[in-house]
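Novice: Sequence and predicted structure, then a few things I'm wondering about:
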Amino acid sequence: MAWIVENRLKAYTPTRAEPYLTDTMRKTMEDTYLLRYPRKQAALLPLFHMVMHEYGYIPAGAIDEAAAFLGITQAQVQDAVSFYEEFRLQPSGQYAVQVCRSISCELAGHEAVLGKVRELLGTDPEETTEDGKITVFAVECLGACEQAPCALINGKLRGNLRPESFAQELQQLPPLPQHGDHSAGNGAAHAAKIPGATASKVEPEVHGH
Amino acid sequence: MAFPGPILLKRIPAEPGGRHLHRYDDYVATGGYESLKKALAMPPADIVKLVVDSGLRGRGGAGFPCGSKWTFLPKDIHPRYLAVNFDESEPGTFKDRYLIDYDPHILLEGIAIAAYANSITTSYIYIRGEYHREAQILEEALAEAYSHGIFGQKHAGTEFTHNCYVHRGAGAYICGEETGLLESLEGKRGWPRIKPPFPAIAGAFAKPTIINNVETLACVVPIVEHGAAWFKAMGTPSSSGPKLFGISGHVNAPGVYEEELGIKMSTLIEKYGGGVKGKFKAAIPGGISMGILATNQYDAELDFDIGKKYGVLGLGTAGVIVMNDQTSLPRILRNIVRFFSHESCGQCTPCREGTSWMHKILNRIVAGRGKPHDLDMLLELSQTMGAMPGTTICGLADGANWAVKTFLQKFPDDFKAVVKSPLVAGVSVPMAVTVSGAAAAPAGV
């Protein structure tokens, strides 16, 4: 629900002494994104894509820091960030699995997919598995209706899903390094999420046909 | 003229195995960026006239004439912006994704031509957040285009210089609405703006802005190459040119196919989509906002006149969703209304509350607890001017309205069959609004 503004006063995950907007992020902003727009505020979405990539969610501290960085109020940042579904204000599992539930996927049986996932992982949409590995989301149209039913696993499209094998695939996903853990080559699986921040070539498409 | 074969999809063979991403060298080797060269040798005004003469209408959903849109820019106000609408969030729509997956440079060439024609120095490709792969493809294609001098520097013999950037959305359907897109581009929540002023006068950063769909800009490339008459020879008088059609749902070969506008839906489904899986019952012509085509409208011509002729809102995005006779239409309508209820931006009360109540009513109908009165309520909500219609800033609520009223009008029996229970046990309540008449409305409204 895009129109529900998150309560700014609720207790949030503990803030930390070191800033959430790292020096690398600030430099990327100044060298790349701020140059693209006539107003600083326009760089808000690129900035929070970076925050999402780095931490897997948007810590409240990052909102305060972004307000100072972009020269706008905390309320303006909160107002914008809380509107977008991909900007999550709570931590989720290492893998965000977004299963499409819109019309073409319903016609192709998305409910069976979600049902099998529920059976094998024990989670409903919006819930995280006990080991903290996977959070399943039921989302609206992913724009891949010819491959219905479909889903994104950390941004990577998987189409023509079969309930049993997809749920098993999720069970077998390898554990990822924790968000923010740079020593372990953090973000390899997310690299494609920050266009321009990586030299990696786009991966070949996986044909489901 | 018969359709001469793929134009926008000329680099993308139908067989999945033969498709690959065309990078800069592949694109140039197959005739790419020739149209830009040709365009740069023309006065900008001639290109605008060419696009006006071609009759090109917007491929994003509304079908607004592209050339006219370009002529709305005020003469002396600079800078101006081009916002490319690659939000593509309408359920059933995936044509732009398919094009960019294999041929991103056709879009970049179209952007460069449009920018030159309209003296635009900066463009933003607004791509939906869920298209991770496509954002990466575009970033890499842009890097190639910059290194080959397409963007970022003056073109030889002209004063034309242009910068193009990718701007990623973050999961909000409403950002495909053009002014919602502009708000999102400016770093705010994607609330559509009240118009006027229209974006051509005061758009991005309060400057004149053109907003064009990906496919629309891709069409500019062959128009410059082959001319307006060639383009106009395809399709119908009011709907010229080729069109990308997405087919999904109960068909044997779902996918994106290119044909001229005006093709019969039955032909599209049988010639390209591999035929209906089972027996045809209904179809949505172009994304769920458009309403539904009835069983006897299988042969509907897919062009911009479809709305008037077949009682739907329009052609929309031409993402055709096919349903067979095993489909439960109340369930599908619930899915559609749930979508709108979820994606309503919340700015206008009739949309925020109306779609939410439609969803609640359909939930109870699907659960077998519906009352005949519920159908009347849905119809009244969706078609009475001043209830939801005519009360909102943007068209999202009308998308929900058209779906609800056309489902109920064209398939009344499917709904009556699931709302048999009387309002009060033992008392039969007459329906105030008949669900069978197209012009059904309570007396006095």
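Specialist: Perfect, I can see it now.
Novice: Every contact and neighbour count from this point should use C-alpha atoms.
Specialist: OK.
Novice: and residue 90, what pLDDT?
Specialist: Here I'm looking at chain A. Per-residue pLDDT puts A:Gln90 at 89.
Novice: wrong one, chain B
Specialist: The per-residue pLDDT reported for B:Glu90 equals 97.
Novice: and it, what does it touch?
Specialist: Contacts for B:Glu90 (Cα atoms under 8 Å, 6 or more residues apart in numbering or on different chains) come out as A:Cys141, A:Gly143, B:Tyr173, B:Gly287, B:Ile288, B:Ser289, B:Thr317.
Novice: quick one: secondary structure of the residue nearest in space to the middle of chain A?
Specialist: Central residue of chain A (Cα atoms, centre = their mean): A:Glu86, 5.4 Å from the mean position. Three-state call for A:Glu86 (DSSP: H, G, I helix; E, B strand; the rest coil): coil.
Novice: Quick check: it touching B:Ala170?
Specialist: Yes - shown here, A:Glu86 and B:Ala170 form a contact pair, counting by Cα atoms under 8 Å, at 5.1 Å.
Novice: Now do the shared contacts for the two.
Specialist: Contact criterion Cα under 8 Å, 6+ apart; residues shared by A:Glu86 and B:Ala170: B:Gly129.
Novice: sorry, back to before: which ones among the contacts of B:Glu90 map onto strands?
Specialist: Using DSSP state E to define strands, no part of the contacts of B:Glu90 is located there.
Novice: Can I get these in TSV including distance to B:Ile263 and neighbour count?
Specialist: Formatted as TSV, those follow (distance: Cα to Cα, whole Å; neighbours: other Cα atoms under 10 Å in any protein chain shown):
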residue	distance to B:Ile263	neighbour count
A:Cys141	26	27
A:Gly143	23	27
B:Tyr173	29	29
B:Gly287	17	26
B:Ile288	20	30
B:Ser289	21	30
B:Thr317	15	30
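Novice: Need the max-distance pair from these.
Specialist: Across the contacts of B:Glu90, the longest distance by Cα to Cα is 15.1 Å; it joins A:Gly143 and B:Ser289.
Novice: Which stretches in chain A count as helices?
Specialist: Under the criterion DSSP state H, chain A contains helices at A:23-31, A:44-55, A:60-70, A:74-81, A:103-107, A:110-121, A:163-171.
Novice: wait, which of those helices is closest to B:Thr158?
Specialist: Nearest to B:Thr158 among those is helix A:23-31 (28.5 Å), distances taken as Cα to Cα.
Novice: What is the end-to-end distance of stretch B:199-214?
Specialist: One end of stretch B:199-214 to the other measures 18 Å (Cα to Cα, to the nearest Å).
Novice: actually stretch B:83-102, not the one I wrote
Specialist: End-to-end span of stretch B:83-102 (Cα to Cα): 22 Å.
Novice: ok, now stretch B:172-180?
Specialist: This stretch, stretch B:172-180, spans 10 Å end to end (Cα to Cα).
Novice: Buried residues in it, which are they?
Specialist: B:Ala172, B:Tyr173, B:Ile174, B:Cys175, B:Gly176, B:Glu177, B:Glu178, B:Thr179, B:Gly180 (16 or more other Cα atoms under 10 Å in any protein chain shown).
Novice: now it: mean pLDDT?
Specialist: For stretch B:172-180, mean pLDDT rounds to 97.
Novice: where does that stretch sit relative to the chain's centre, distance-wise?
Specialist: Averaging C-alpha positions (Cα atoms, centre = their mean, to the nearest Å) puts stretch B:172-180 12 Å from its chain's average.
Novice: what's it in contact with?
Specialist: Contacts for stretch B:172-180 (Cα under 8 Å, 6+ apart): A:2, A:83-85, B:85-90, B:128, B:169, B:181-182, B:184, B:189-193, B:199, B:203, B:211, B:343-345, B:394, B:396.
Novice: what about A:Gln90, how many residues close to it?
Specialist: Neighbours of A:Gln90 under the rule other Cα atoms under 10 Å in any protein chain shown: 12.
Novice: okay, the residue nearest to it when sequence neighbours are not counted: pLDDT?
Specialist: Excluding its sequence neighbours, the residue lying closest to A:Gln90 (Cα to Cα, 6 or more residues apart in numbering or on different chains) is A:Tyr57, at 5.8 Å. pLDDT, A:Tyr57: 93.
Novice: show me the contacts for A:Tyr57.
Specialist: Neighbour list for A:Tyr57: A:Val51, A:Phe87, A:Arg88, A:Leu89, A:Gln90, A:Pro91, A:Ser92 [criterion: Cα under 8 Å, 6+ apart].
Novice: How much space separates it from chain B?
Specialist: According to Cα to the nearest Cα, to the nearest Å, A:Tyr57 stands 13 Å off from chain B.
Novice: care to break chain B down by domain?
Specialist: Chain B breaks down into these domains under automatic domain parsing: B:16-233, B:240-324, B:334-416.
Novice: now do the same end-to-end measure for the second one.
Specialist: Spelled out, it's domain B:240-324. The first residue of domain B:240-324 is 31 Å away from its last residue (Cα to Cα).
Novice: So which of the contacts of A:Tyr57 is surrounded by the most neighbours?
Specialist: Counting neighbours by other Cα under 10 Å, A:Val51 leads these with 22 neighbours.
Novice: Skipping adjacent residues, who's closest to it in space?
Specialist: Spatial nearest neighbour of A:Val51, chain neighbours left out: A:Ile58 (6.4 Å); criterion: Cα to Cα, 6+ apart.
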